[in-house]
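Asks: with the sequence up front, the predicted model follows.
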Amino acid sequence: SSRDIFYTPLGMRKELHNIRRSFSKSSDTMASVEAYEEFQYIVQSEGWAAAKEWANENFVSINAVTSVTSVRLQLINELQSLGLIHHSDLVKSRGKRRELRVDSPLNLNAGVDSLVTALWAAGAPDNLAARRSLGKFGTLRSRSENHAGLHPSSVAFHRKPPRDRRNLPAWFFYREMVLSSQVFLRGCTALDPEQVLLFGGYGLTTHEIGDGRRRRVLDDWITVESRCSDTLDALSRARSELDVALEMKIMNPRRPLPDSQQAILDAVCDCFEVLDDEE
């Protein structure tokens, strides 16, 4: 809901693109998060003057950082009033500001980037896009648009096809779709198929296609396939269990989840931690 952390100095788009990629090469939003966290760290460790100098060198808007901080404070207050955050998880920081304790159990998986980015996809289920295997390089397909492109400002944007396309991400979450010279997707984050299957879209359905075979489809446009049926079955069941557990938590935010459901959540988090380690 806040404006971009980064600003573009006149005639320095290439320099800004390189700076953004220094924070993340696969996610525009993660680049902003990392820049925000770095700014806050410098404020606490070296002081305001050093942080201001760092912000100028990295094209980071202090006004945008202040706005994000304000929104975070509002969200924390709302989550506490709903019962999703306990007062014991909070610590005072600079005046009346309250932040999550670094060692809070709620922060246990805060450093697992693949889990965090998967949850962004869950927050905007419509905003998924797939790289098209045929047609012009860089063309993406979303649920509503067959020919979209990564915005040139995105850290994942390539002007020319790289020599090895096999490592290019096949899936993206995007924050917004804009129309200028063509349809562009902005605020993009690369996703792995496992992230899409567990957290992306609205619903996974199963269709019988004959001979006892089944086909799983996400939101009526994403066909889910795997060389290993057991793995696909396990991930599909995990998604169903996640939906039930999260719905129960939302309906009863102050009540701990049953041990069986908490164990499933923990197992999913562990899987994403392993995914991060492999990358």
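Replies: Great, that's in hand.
Asks: which parts of stretch 126-145 are buried?
Replies: Neighbour counts over stretch 126-145 (16 or more other CB atoms under 10 Å) mark 127-132, 138-143 as buried. Every C-beta, even on glycine, is put in place using the N, C-alpha and C of the backbone.
Asks: and which of those residues is nearest to Arg165?
Replies: Arg131 (9.3 Å; CB to CB).
Asks: skipping adjacent residues, who's closest to the closest one in space?
Replies: Distances taken as CB to CB, 6 or more residues apart in numbering place Ala170 nearest to Arg131, at 5.1 Å, with adjacent residues excluded.
Asks: distance of the one you found from Val196?
Replies: Distance, Ala170 to Val196, by CB to CB, to the nearest Å: 9 Å.
Asks: please identify which of the two sits among more neighbours.
Replies: Using other CB atoms under 10 Å as the criterion, Ala170 and Val196 rank with Val196 on top: 21 against 15.
Asks: give me the element the more buried one is part of.
Replies: helix 193-199 (DSSP states H and E).
Asks: and Cys269, by the same measure?
Replies: helix 259-278.
Asks: in that helix, what counts as buried?
Replies: 261, 264-265, 268, 271-273, 275.
Asks: quick one: list the elements packing against it.
Replies: Under the contact criterion of 3 or more CB pairs under 8 Å, 6 or more residues apart in numbering; DSSP states H and E, helix 259-278 touches helix 113-123, helix 193-199, helix 229-251.
Asks: redo these as TSV? Include mean pLDDT and distance to Arg215.
Replies: Listed next are these as TSV, based on pLDDT from 0 to 100; distance: least, CB to CB, whole Å:
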stretch	mean pLDDT	distance to Arg215
helix 113-123	93	22
helix 193-199	93	14
helix 229-251	90	11
